[in-house]
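A.B. asks: I would like the atomic coordinates for the input below:
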Amino acid sequence: MDFLPFRCSGCNKIYCGEHRHAKDHACSCPPTAAEEKTIVICPVCARGVRVAEGLEADYVIDRHMQSGECDPQNYKRVHGKRRCPVKGCRERLTTVNSYQCPHCGTETCLRHRYKASDHACTGRKSSSHQSFTSSFVSTCRNMLSLSSSIGQSHSVGSSSNKAVRGHGRHVREAAACPHCDVVCKDAVQLVAHVEKWHSNVSGRCPPQ
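C.D. replies: Okay, here's the model as predicted:
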């Protein structure tokens, strides 16, 4: 069977050699017998080449390749266009019909520009990650600041002494990172670890 792609002059769709004629593929806009002509797509440059009546498609394509009109770079221009990444969508993206998600930067077609779930948007998750990290670091810093303030102030009464000792012991205790479970020796080291490894969008973990 000949699998060279043929373009129907009626509906303008591409078919194999067996179904290239309008009567063989239930053409939605069949041309008249006088209008019907066969156009085959060159597999090297992706251009349409008209096949005259009585000639074989292979012969016409070979002649086209040797004519100097066959440009392989055109194939890349035709088939190298970006497509919408949404599953099942075959829309080619151009400067006119593309939309960039403000949350993750993914480009989609206009039809899928509103639903972030369609293209598995990671921007909102990253924003949540950054918010949690910022809040966590802020809490740890407050603990350290409070511990320092209490340590520098004069204690009054035995209950105050116990509170100071208890809080200082808590700050000096080993703590695990909430993102990657790395154990730090104290809150100071934990804050430094989180700011170094988890302050960005990727939230990457340190090498083990």
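
A.B. asks: residues of stretch 176-194 that come out buried?
C.D. replies: With burial defined by 16 or more other Cβ atoms under 10 Å, the residues of stretch 176-194 counted as buried are 177, 179, 182, 184, 187-188, 190-191, 193-194. From N, CA and C alone the C-beta is placed, and that goes for glycine too.

A.B. asks: Then stretch 14-31?
C.D. replies: So stretch 14-31, judged by 16+ other Cβ under 10 Å, has buried residues 15, 17, 19-22, 25, 27, 30.

A.B. asks: just stretch 107-123 next, same as before
C.D. replies: 108-109, 112-113, 116, 118-119, 121-122.

A.B. asks: Show me the two of those residues that sit farthest apart.
C.D. replies: Farthest pair in those (Cβ to Cβ) is 109 and 122. Separation: 18.9 Å.

A.B. asks: for this protein, what are the low-confidence residue spans?
C.D. replies: Applying pLDDT under 70 to the chain picks out residues 1-5, 31-37, 78-81, 116, 123-174, 179-181, 198-208.

A.B. asks: show me where the chain has helices.
C.D. replies: All helices of the chain, identified by DSSP state H, fall at 57-66, 72-79, 123-152, 157-172, 187-197.

A.B. asks: Can you tell me the closest non-neighbouring residue to residue 177?
C.D. replies: residue 193 (5.9 Å; Cβ to Cβ, 6 or more residues apart in numbering).

A.B. asks: Then residue 74?
C.D. replies: residue 45 (4.6 Å).

A.B. asks: again, but for residue 93
C.D. replies: Using Cβ to Cβ, 6+ apart, the closest residue to residue 93 is residue 82 (4.3 Å).

A.B. asks: residues near the closest residue in space to residue 27 that isn't next to it in sequence, how many?
C.D. replies: For residue 27, ignoring the flanking residues on the chain, the nearest one in space by Cβ to Cβ, 6+ apart is residue 10 at 4.6 Å. By the measure other Cβ atoms under 10 Å, the count of residues near residue 10 is 18.

A.B. asks: Residue 10 against residue 24, yeah?
C.D. replies: No - counting by Cβ atoms under 8 Å, residue 10 does not reach residue 24; the two are 11.6 Å apart.

A.B. asks: Mutual contacts of the two, please.
C.D. replies: Counting by Cβ atoms under 8 Å, 6 or more residues apart in numbering, residue 10 and residue 24 have no contacts in common.

A.B. asks: Can you give me every residue that contacts residue 108?
C.D. replies: Applying Cβ under 8 Å, 6+ apart, the residues near residue 108 are 84-86, 89, 93, 98-99, 101, 118-119.

A.B. asks: Most neighbours out of those, which is it?
C.D. replies: residue 84 (24 neighbours).

A.B. asks: how close does that one sit to residue 23?
C.D. replies: With distances taken as Cβ to Cβ, to the nearest Å, residue 84 is found 34 Å from residue 23.
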